[in-house]
Structure formats: C-alpha cells, structure tokens
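Participant: A predicted structure for the sequence below; I have some questions about it.
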Amino acid sequence: MYIYYILALVVILWILGGQWKGRIRDLGVPIVMGLALIFLLKGDWLYRIIVGMLTCATANTIRIGYGNFMPGEKNSFLGNLLKDRNGWWIRALWGFIVSLVVCLPLMLTHYLMINKCLAYVGGNTLMNYLVSRLRLPCLLADIFISLGIGSLLFLI
C-alpha cells in the first residue's frame, strides 16, 4: 500500500522539477527512490541501507537530460551527442541508460532478477520513445516517465 504513496511522491517531484526547472526532480526523485528501497527491501538493515544509497547514487543518471538538439542553444548531454532534432532517439536512449543503471544495484545484490530488470529497461525505453514520438503534452509525458521510473518499486 505504501508503494502507491511513494510512487505518487515520485510523480509529484518529477512534475514540479520539470515545470519549475528546479533541482526538485534531480535531487528529490533519487533520494525518495533510495529511501523507499531501504524500507521495502528485506534482510539486514546495513545491507538495505547500502543498496538504497547505491540506488540513490545511480538514479542521479536522470541528470544527463533528454532534450532535443537545437543548434545554437544549450542542449542536454545526449542532445549534443546524438544531434537528434526530433528527440525520439534521445528520449529512448535516456530511458534505456537510466533504467539500466538504476536497476543495476538491485540486480547485482540479487534483489531483482535479470528478467525483471530487462522488462523494466525495455518498458522505460519504449515509454520514453513513445511519449516523444506521439508528442504528448509535457505534463502527460512527465507523468508517464515518472511512473516508469518509479515502477521499479513494484518489481522488488
């Protein structure tokens, strides 16, 4: 039951960070995900704290950005790397990288099996591609992307 509240908090932080251009998303979401895992995982407390902190650290990959490439403007890291003006491939690559890196600590510590990790990575990659390809409004895209990132909590 608590997972739904945590997921709602992830969505709210994601939206606030996206709409206000602040660091609410960049800092808040990784911290919430890490803290949530500390309390949701089973086993020794020290082990859970370490896994939660590692997940918090790896979740900071959301900061690499997924914006379209626009010549002459300040672009995201992936925008400068791929030069994709449509943003579909940037967004899909961002979803792939972030979801893979976020689930790695859980997979390496055997809290998450490889098939669930692959489903999480594939689902987030596809979702990120589709929200950009379908040109969803920013608010709706933020909701879907944050639900995708937070869905990791249901897989443990």
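Facilitator: Cool, got the structure. Note that the structure is predicted; figures quoted are calculated from it, not measured.
Participant: which helices and strands sit right next to the lowest-mean-pLDDT helix or strand in the chain?
Facilitator: When the helices and strands of the chain are scored by mean pLDDT, DSSP states H and E, helix 77-82 comes last with a mean of 75. For helix 77-82, the contact count by 3 or more CB pairs under 8 Å, 6 or more residues apart in numbering; DSSP states H and E identifies helix 88-108 as packing neighbours. Every residue, glycine included, has its C-beta placed from N, CA and C.
Participant: can you give me the buried ones in the helix it packs on?
Facilitator: Counting neighbours by 16 or more other CB atoms under 10 Å, one finds that the buried residues in helix 88-108 are 88-103, 105-107.
Participant: and if you look at stretch 44-56?
Facilitator: Taking 16+ other CB under 10 Å as the basis for neighbour counts, the residues of stretch 44-56 that come out buried are 48, 51, 52, 54, 55, 56.
Participant: so the third one touches residue 41, yeah?
Facilitator: Looking back up the chat, that one is residue 52. Yes: because the distance of 7.4 Å satisfies CB atoms under 8 Å, residue 52 is recorded as touching residue 41.
Participant: quick one: the helix or strand hosting residue 58 to helix 88-108, angle?
Facilitator: Applying DSSP states H and E as the criterion places residue 58 in helix 45-58. An angle of 170 degrees separates the directions of helix 45-58 and helix 88-108 when computed by axes from the mean of the first three to the mean of the last three CA atoms, to 10 degrees.
Participant: dump helix 45-58 to CSV, restricted to CA.
Facilitator: Listed in CSV are the C-alpha atoms of helix 45-58, where the atom choice follows Å, rounded to 0.1, in the frame of the first residue of the first chain:
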residue,chain,number,x,y,z
TRP,A,45,19.5,-3.2,7.7
LEU,A,46,23.1,-2.3,6.8
TYR,A,47,22.8,-4.2,3.5
ARG,A,48,19.5,-2.5,2.8
ILE,A,49,21.0,0.9,3.5
ILE,A,50,23.9,0.3,1.2
VAL,A,51,21.6,-0.9,-1.6
GLY,A,52,19.4,2.1,-1.1
MET,A,53,22.3,4.5,-1.2
LEU,A,54,23.7,2.9,-4.3
THR,A,55,20.3,3.2,-6.0
CYS,A,56,20.1,6.8,-5.0
ALA,A,57,23.5,7.4,-6.5
THR,A,58,22.7,5.6,-9.7
